[in-house]
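Fold the following for me, if possible:
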Amino acid sequence: MLIHELKATKKKARRVGRGGKRGTFSGRGTKGQKARSGRRMRPELRDILKKIPKLRGRGKHSLKPFQIKPLVINVRDLERLFTAGETVSLQTLKEKGALDFTLSKPRGVKILGTGELKKKLTVEGCEVSESAKAKIEKAGGAVSAKKVVAEK
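Below is the predicted model:
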């Protein structure tokens, strides 16, 4: 065997769709995505992964905030549940059964100003609206809350 008798073992890949002797469709069949130039079949997995946020309930409105809203109680409920001179806190509200704390994520409490208050109460560790703070202080109570929030 001589050097000029050796043949290449690697075959060249067939280049389809360049015209020539194969007719109008050049061996690609007719129409559809596979017949087009620059075609690329997307993997199935990508379509599945794109649906996951929708399955999580995010969907189109993915910019919805994840902030957990506090549980709400009004001043009129404090009037009904507490006696004069008591302290209103997360713990005392739990003991009185005022709110449903059985929810999965821990939440704070916000006191709103609906109703009247005639008892002297001390509020600790709860968010308080401005109107609720005014009513509590008018009745002779005190507010040492995390923050006082303006009502919208």
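
Please count neighbours and contacts with C-alpha atoms only from this point.
OK.

residue ranges for the strands of the chain, please.
With DSSP state E, the ranges of strands along the chain come out as 71-74, 87-88, 109-112, 122-124, 127-129, 142-144, 148-149.

export the ones you listed to CSV and tack on mean neighbour count and distance to residue 7?
Formatted as CSV, the strands of the chain follow (neighbours: other CA atoms under 10 Å; distance: least, CA to CA, whole Å):
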stretch, mean neighbour count, distance to residue 7
strand 71-74, 16, 82
strand 87-88, 18, 94
strand 109-112, 22, 84
strand 122-124, 19, 91
strand 127-129, 24, 86
strand 142-144, 18, 92
strand 148-149, 17, 85
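
Need these in a markdown table (columns: mean pLDDT and distance to residue 9).
Formatted as a markdown table, the strands of the chain follow (pLDDT from 0 to 100; distance: least, CA to CA, whole Å):
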| stretch | mean pLDDT | distance to residue 9 |
| --- | --- | --- |
| strand 71-74 | 92 | 76 |
| strand 87-88 | 93 | 88 |
| strand 109-112 | 92 | 78 |
| strand 122-124 | 93 | 85 |
| strand 127-129 | 92 | 80 |
| strand 142-144 | 91 | 86 |
| strand 148-149 | 66 | 80 |
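
Now tabulate the ones you listed in a markdown table and tack on distance to residue 50.
Shown next, in a markdown table, are these (distance: least, CA to CA, whole Å):
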| stretch | distance to residue 50 |
| --- | --- |
| strand 71-74 | 35 |
| strand 87-88 | 48 |
| strand 109-112 | 37 |
| strand 122-124 | 46 |
| strand 127-129 | 40 |
| strand 142-144 | 48 |
| strand 148-149 | 39 |
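
Ok, which of those strands comes nearest residue 34?
strand 71-74 (57.1 Å; CA to CA).

Can you report how many residues neighbour residue 26?
16 (other CA atoms under 10 Å).

And for the one 3 residues further on?
Around residue 29 there are 10 other residues, counting by other CA under 10 Å.

which residues touch it?
Neighbour list for residue 29: residue 35 [criterion: CA atoms under 8 Å, 6 or more residues apart in numbering].
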